[in-house]
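[1] coordinates only, no sequence provided:
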């Protein structure tokens with residue numbers, strides 16, 4: 001079981017004051033806070049091991065290379081990749097990973113008239129790269145959602161044709177919280193001879209995720225949403241697909257041999273990692289995975305479901321509040337997106353911050369099509385993680401009541 005009180009001691013930022021109040025951080029879907037273990041791992045790398053990787057025979061370079069390669073191995077094993085190092089490509093974030101798929105695979109393998117199916121519930125990272133593919137004549141379609149915020153599987157099936165080459169969807173929505181049955185969606189894609197890509201940015205940090213059970217061809221996630229440093233993340237893809245793909249960027253370290261006329265590419269995964277990498281970030285990424293493994297992802301998921309149930313119950317007792325997404329915690333991540341009738345989300349977030357030290361997100365959450373599909377211009381979002389407590393949700397509720405009083409709603 002998770003000892004939240006003990007865990008909170010690992011996060012220095014949670015003890016700081018915001019506007020005279022103890023910070024209540026409920027913006028974890030945007031980014032998570034970092035424990036001392038991650039901060040110390042970054043500091044230790046720069047203090048004791050800093051050197052460039054794969055380019056030196058001296059000891060520091062060897063140590064840096066070992067740290068960097070071990071981080072790949074840990075990330076791959078964390079997702080149960082068949083070949084943990086070769087199938088794990090480090091990127092700056094899930095957005096870069098999606099662009100890697102778009103430019104390294106779609107732009108080369110697909111032709112005019114071929115189709116990509118995404119959904120309206122996606123983060124912009126899983127929409128915009130495919131819009132670029134339209135320049136090549138590739139058709140991009142978007143499956144709809146149901147009124148309670150679930151993916152409309154029947155609509156997805158109807159949009160798939162013999163020309164569909166890729167189905168791509170989010171595992172857990174960063175807005176409505178819906179946890180999609182990606183194993184079933186992947187099966188549908190493969191039955192139609194299409195590849196399957198998963199944006200797991202909101203699932204990998206919060207629940208057990210197994211790429212082999214899902215049978216995804218591509219799966220992307222960001223490190224900063226799982227306590228790792230910003231600027232870290234990974235693409236986990238099947239080895240046979242990666243071997244056929246073109247590099248996204250060209251330059252140092254991604255090559256085996258360079259001639260003035262042409263070059264030969266390096267082995268996996270380095271073929272897709274051009275230039276000097278963020279080794280310090282990889283050290284922090286590695287430490288974050290260690291931290292999560294020690295906690296146990298099943299325990300983390302159970303903790304968040306308890307917070308979600310508690311939060312939804314508290315919200316149900318408030319009048320004048322709209323909640324978006326499914327109400328069943330079994331198919332919803334630790335995200336509560338809401339609006340107070342007649343009050344702009346930015347006003348809600350501003351008062352919560354200034355009066356109570358509560359950090360929530362307000363706006364479109366990098367998911368404008370989904371926000372508009374919900375019939376809104378913007379929404380408020382409270383999102384939980386391992387260090388959040390029911391007492392913090394109580395503070396959020398107190399703040400919301402204050403907002404309603406101010407606006408007499």
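    Cool, got the structure. All of these numbers come straight from a predicted model, not from anything done at the bench. Residues are numbered from 1 along each chain as shown.
[2] is it true that residue 225 touches residue 203?
    No. Between residue 225 and residue 203 there is no contact, the gap being 9.8 Å when judged by C-beta atoms under 8 Å. From N, CA and C alone the C-beta is placed, and that goes for glycine too.
[3] the strands in the stretch 301-409 of the chain, which residues?
    321-324, 335-340, 358-359, 361-363, 379-383 (DSSP state E, counting those that start in this stretch).
[4] quick one: buried residues of stretch 215-226?
    Using 16 or more other C-beta atoms under 10 Å as the burial criterion, the residues of stretch 215-226 that qualify are 216-226.
[5] and which of the residues you listed is nearest to residue 60?
    Distances from residue 60 to the buried residues of stretch 215-226, taken as C-beta to C-beta, are shortest for residue 223 (23.7 Å).
[6] OK, contacts around the closest one?
    When contacts are counted by C-beta atoms under 8 Å, 6 or more residues apart in numbering, residue 223 is found next to 93, 229-234, 281, 284-285, 288.
[7] let's see 7 Å
    Contacts here follow C-beta atoms under 7 Å, 6 or more residues apart in numbering; on that basis residue 223 touches 229, 232-233, 285, 288.
[8] and for residue 2?
    The neighbourhood of residue 2, defined by C-beta under 7 Å, 6+ apart, consists of 295, 299-300, 303, 386.
[9] out of the residues you listed, grab the one that's most surrounded.
    Per-residue neighbour counts (other C-beta atoms under 10 Å) across the contacts of residue 2 peak at residue 386, which has 26 neighbours.
[10] give me phi/psi at it?
    As for residue 386, its main-chain torsions (degrees, to the nearest 10) stand at phi -60, psi -20.
[11] was I right about it contacting residue 5?
    No. The pair residue 386 and residue 5 does not pass the contact test of C-beta atoms under 7 Å, sitting 11.8 Å apart.
[12] shared neighbours, these two?
    Between them, residue 386 and residue 5 share no contacting residue, judged by C-beta under 7 Å, 6+ apart.
[13] ok so residue 39 is a helix residue?
    Yes. With DSSP: H, G, I helix; E, B strand; the rest coil as the criterion, residue 39 is located in a helix.
[14] any idea how far residue 390 is from it?
    Distance check for residue 39 against residue 390: by C-beta to C-beta, to the nearest Å, it reads 27 Å.
[15] other SSEs contacting the helix or strand harbouring residue 264?
    In the assignment (DSSP states H and E), residue 264 maps to strand 263-265. With contacts taken as 3 or more C-beta pairs under 7 Å, 6 or more residues apart in numbering; DSSP states H and E, strand 263-265 sits against strand 255-258.
[16] remind me what the strand it packs on packs against, helices and strands.
    Judged by 3+ C-beta pairs under 7 Å, 6+ apart, strand 255-258 is in contact with strand 263-265.
[17] could you identify the helix or strand that succeeds the strand it packs on?
    Along the chain past strand 263-265, the next helix or strand (assigned with DSSP H and E) turns out to be helix 279-295.
[18] now the strands of the stretch 301-409 of the chain as TSV including distance to residue 191, mean pLDDT and mean neighbour count?
    Putting those into TSV (distance: least, C-beta to C-beta, whole Å; pLDDT from 0 to 100; neighbours: other C-beta atoms under 10 Å) gives the following:
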stretch	distance to residue 191	mean pLDDT	mean neighbour count
strand 321-324	31	96	18
strand 335-340	31	98	24
strand 358-359	44	98	22
strand 361-363	37	97	20
strand 379-383	34	98	27
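[19] closest one to residue 129 among those strands?
    Go through these one by one with C-beta to C-beta and the one that ends up closest to residue 129 is strand 361-363, at 21.4 Å.
[20] contacts for that closest one?
    27, 29-30, 345-346, 348-349, 378, 380-381.
[21] scan these and report the most crowded one.
    Most surrounded of these: other C-beta under 10 Å gives residue 29, at 29 neighbours.
[22] my guess is that one is in a helix, correct?
    No. Remark: residue 29 does not belong to a helix; assigned using three-state DSSP, it is coil.
[23] quick one, phi/psi of it?
    For residue 29, the backbone dihedrals are phi -70, psi -20 (criterion: degrees, to the nearest 10).
[24] quick one: residues contacting the closest residue to it other than its chain neighbours.
    Across the structure, with C-beta to C-beta, 6 or more residues apart in numbering as the measure, the residue nearest residue 29 apart from its sequence neighbours is residue 383 (3.7 Å). Taking C-beta under 7 Å, 6+ apart as the definition of contact, the neighbours of residue 383 are 26-29, 334-335.
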